[in-house]
Every structure is written in structure tokens, then in C-alpha cells.
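J.: Need coordinates for the below:
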Amino acid sequence: MEEAAEALLGGLRLSHLAHLPVAGVGTGLDMDGESSGAAVRVSSSGVPEEAGRPRPGMDSPDNGPCEEDTTYHIPVLEEEVVAALSPAPGKLLMDGTLGGGGHTRRLLRAGAYVLALDQDPEALAWAARRLEEVADHLITIRSNFASFPTILEEAGLGPVLDGILLDLGVSSHQLDAAERGFSFMREGPLDMRMDPSAPICAADLVNGWPEEELARIFYEYGDEKASRRAAKAIVKRRAEKLFETTADLAAVVATVIPKRGPASPATRVFQALRIAVNDEMAVLESALESAHRWLKPGGRLAVITFHSLEDRLVKKYFRKHSDPEIDRPEWPAPRPNPECYYRLVTRKGITAGEEETRRNPRSRSATLRVVERLP
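T.: Numbers count the residues shown, from 1 in each chain. You can find the predicted model right below:
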């Protein structure tokens, strides 16, 4: 069993490295399976090597082993993920959102083999150092997780995965890094790209999209009831001066949206822009639609969401594809569901306990849902 998983991972690694234009330098894959154009240096094990000097909080002489450092990103619902995926020697798992490597490290330490994806080269470089001790069982690829079918197909693989983890949203490090432009808490450029090489950033939307389209995404992606007022204020202001910083946009939004509790009035607008910039809902839908084709019978799909829009989509998809029968009013009797791929493992979403939310306040909004592939 373990030999088979190692052979599969080795084949995937060789397939990936065979596409590299220069030995040891990877371009990764974008959502269409094409070169992303952003180089990531990889070791012989397929793990990216350090690019440049370590940033504060990484594995440097001043900071000690990054294994003990959680300044990059604290994984949420870590124990629950391990329980859901049951990592063990011989299993091949995929972490679609590597981030700081916290979840992947737990899977690797349990003896599993892991294919880990991330579109952020900084996250890949960080995780490479953090996971060096278990790199023999790991391959990392710079890619959006919606591209994983292309990656497996190019490696000549079929349904080989024992489990898939999708930890959605933005990492703590991305939120805290002012230069990434995800948050109004620290002034920075209006960027919000998870993949820094992506062609469209938040400034392009704010300064260029029609008022009606801005209002739509604020309402649909941010659940912002004052979406029209916010869009109108943005369009009026950009006619005088284009937006450049997160603080500038937040200040304008605050003039037309009343403060509700401790959160900034701009919270929902920023969430909507981030989702639109990274096309997050379409990416999630694509990954969900593909997952059952790559899971072994008994393999599990675990998804962690951070806002109601994502969670509703995952919940609806899981229910639709775990119901053995379909019933409609015009039918005399229920009929078998030809798209019943899964068994529900979690009837209700799993949320963080009191201790975890105290230790990591950002875990309060996390919800884990799990399904198991049917034979």
C-alpha cells in the first residue's frame, strides 16, 4: 500500500518536473493548466526552495525553527481535519490550499503522502522550509486548486486520492501583510490577488467596473444591503480621483454605510472585492464538480468555509450529491439519483470550540463539512 502511494507521488513529481523549462525551476499551472509565468524553485523532492532572504517570522536564526512559529498562519479546525481525513501510511491526500502548511504537516506526520497546491509563491516558500523534515512524502505545485484535475491527468493518474482538503478564504499572513492589500486594518495598495501574477487586482475593479456591476458583487458576494449606495459613492469619487489604497476606499465606503457593531462598515465590500478578484466562487464550484472523479471509494472530501456564501454552496452541493433518490411533484415515485457520489459524514457543519476561538479568533467563522466517496 505504501509502496503504491510512493510510486504514484513519484510519477506525479516526475510528470510535473518534466514540464519545467529549466531543471529545478517550476512555472506552476494556472487555472487553465498553462504556465503562470511565476518561477518557484523546487528541490529534488519537488518542494520549492527558499527564494531570497527569510522574512520576519520565518525559519531564520533570529526566529528559531519555523515549526514552532505560527506567525504566518494558524490552521483552523486542525484536529477535526485530521479526524475527518484519517491520514495514515500509504494514503495519498491532496491539500488544495497549502498556506502556512499547518494542515499538511499533520497529514505528513501521520505517514500520509501529500500533494499540496497553492497559488501564492510566498506561501510555497514558507511551507518548503517548515515541511523540510517530511519533504520525502510531499510534492508542492504552484497552482489554483481548481487545476488539480489537469495536474493529475498530465501525470497519467486516475482516481488515486484518499482525501482532499480545501481550506478556503485568505490566510492570516495575507490579511496581515499590508502590501497584499487584503485588509483595511493596515493601509496598502488595492491589490487582493492571491496569485500576485494574476492580471486583475482590486484597483482595476474599483476604478473601472460599472456602478451596476460593483453593486451586484457587493450584494451577492458581500451580502451588503447598502450595495447600491456604496457603488454610487465609489463611482462618484473615482471621477475626481482614482482609488489607490485600502484606507482610501474604506474611508469612502464609511461615508455611506453605517457602522454595525465592532466591524468596519467596509468589511463586506472588501470581502466582495476579494472574492471577485480571485473568482473564488467559480473556482470552488469547479473543484467540487471535479472531486468525485479523483477520489477512491471511501476517500473523503473536506471543505472549510469562512462565510455564509461559501458554506451555502458547499452544503447544497453535498446534499444534492449524497441523496440516493430524487423526488419531484410531477413524478409518481422517487427515482434513483444518477449523481449520488457521496455519503454525508457531517450532517451539520463542524465549528471551532471555545478554546480554539480564544486562541485563534479568526476560527470563529470557520465551518467544516465532510463527505465520503461511495463505491
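J.: Which parts of the stretch 201-350 of the chain are helices?
T.: Using DSSP state H, counting those that start in this stretch, the helices found in the stretch 201-350 of the chain span residues 202-208, 211-222, 227-238, 246-254, 267-277, 280-291, 308-320.
J.: Take those and lay them out in a markdown table including mean neighbour count and distance to residue 150.
T.: (Glycine included, C-beta is placed from N, CA and C.) Shown next, in a markdown table, are these (neighbours: other CB atoms under 10 Å; distance: least, CB to CB, whole Å):
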| stretch | mean neighbour count | distance to residue 150 |
| --- | --- | --- |
| helix 202-208 | 18 | 26 |
| helix 211-222 | 19 | 26 |
| helix 227-238 | 19 | 35 |
| helix 246-254 | 20 | 34 |
| helix 267-277 | 24 | 22 |
| helix 280-291 | 19 | 10 |
| helix 308-320 | 17 | 21 |
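J.: Let's have the ones you listed in a markdown table, adding mean pLDDT and distance to residue 331.
T.: As requested, the helices of the stretch 201-350 of the chain are exported to a markdown table (pLDDT from 0 to 100; distance: least, CB to CB, whole Å):
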| stretch | mean pLDDT | distance to residue 331 |
| --- | --- | --- |
| helix 202-208 | 97 | 45 |
| helix 211-222 | 97 | 33 |
| helix 227-238 | 98 | 39 |
| helix 246-254 | 95 | 49 |
| helix 267-277 | 94 | 37 |
| helix 280-291 | 97 | 25 |
| helix 308-320 | 97 | 17 |
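J.: Adding distance to residue 346 as columns, could you present the ones you listed in TSV?
T.: Formatted as TSV, the helices of the stretch 201-350 of the chain follow (distance: least, CB to CB, whole Å):
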stretch	distance to residue 346
helix 202-208	34
helix 211-222	25
helix 227-238	32
helix 246-254	36
helix 267-277	24
helix 280-291	15
helix 308-320	9
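J.: closest to residue 96 out of those?
T.: When those are compared by CB to CB, helix 280-291 sits nearest residue 96, at 6.7 Å.
J.: Between the helices of the stretch 201-350 of the chain, which one is closest to residue 140.
T.: helix 280-291 (17.5 Å).
J.: what's next to the closest one, contact-wise?
T.: Here helix 280-291 makes contact (CB atoms under 8 Å, 6 or more residues apart in numbering) with 31, 96, 144-146, 148-149, 164, 166, 168, 221, 274-275, 301, 303, 309-310, 313-314, 317.
J.: If we use 6 Å, what do you get?
T.: Here helix 280-291 makes contact (CB atoms under 6 Å, 6 or more residues apart in numbering) with 145, 146, 149, 164, 301, 317.
J.: Give me the distance between the closest residue to the third one other than its chain neighbours and residue 339.
T.: Leaving aside its chain neighbours, residue 149 sits nearest to residue 290 (4.7 Å; criterion: CB to CB, 6 or more residues apart in numbering). Residue 290 sits 13 Å away from residue 339 when distances are taken as CB to CB, to the nearest Å.
J.: Over to residue 322?
T.: For residue 322 relative to residue 339 (CB to CB), the value is 10 Å.
J.: Looking at the two, which one has more neighbours?
T.: Neighbours per residue, other CB atoms under 10 Å: of residue 322 and residue 339, the larger number sits with residue 322, 18 against 11.
J.: Report back the residue of the chain that's furthest from centre.
T.: residue 332 (42.9 Å; CA atoms, centre = their mean).
J.: Nearest residue to residue 268 in space, please, no chain neighbours.
T.: Excluding the flanking residues, the one nearest residue 268 by CB to CB, 6+ apart is residue 222, at 3.6 Å.
J.: wait, what's in contact with the one you found?
T.: Neighbours of residue 222 in contact, by CB under 6 Å, 6+ apart: 268, 269, 271, 272.
J.: Over to residue 299?
T.: By CB under 6 Å, 6+ apart, the contact set of residue 299 is 161, 162, 163, 373.
J.: Quick check: buried residues in the helix or strand containing residue 83?
T.: Per DSSP states H and E, residue 83 falls inside helix 78-85. By 16 or more other CB atoms under 10 Å, the buried positions in helix 78-85 come out as 78, 80, 81, 82, 84, 85.
J.: gap between the third one and residue 342?
T.: With the distance defined as CB to CB, residue 81 ends up 17 Å from residue 342.
J.: Using the three-state scheme, assign residue 369.
T.: Counting by DSSP: H, G, I helix; E, B strand; the rest coil, the backbone at residue 369 sits in strand.
J.: Would you check that it makes contact with residue 302?
T.: No. Residue 369 lies out of contact with residue 302 (CB atoms under 6 Å); the separation is 7.4 Å.
J.: Who has more neighbours out of the two?
T.: Higher neighbour count among residue 369 and residue 302: residue 302, with 26 against 23, using other CB under 10 Å.
J.: Appreciated, that's everything.
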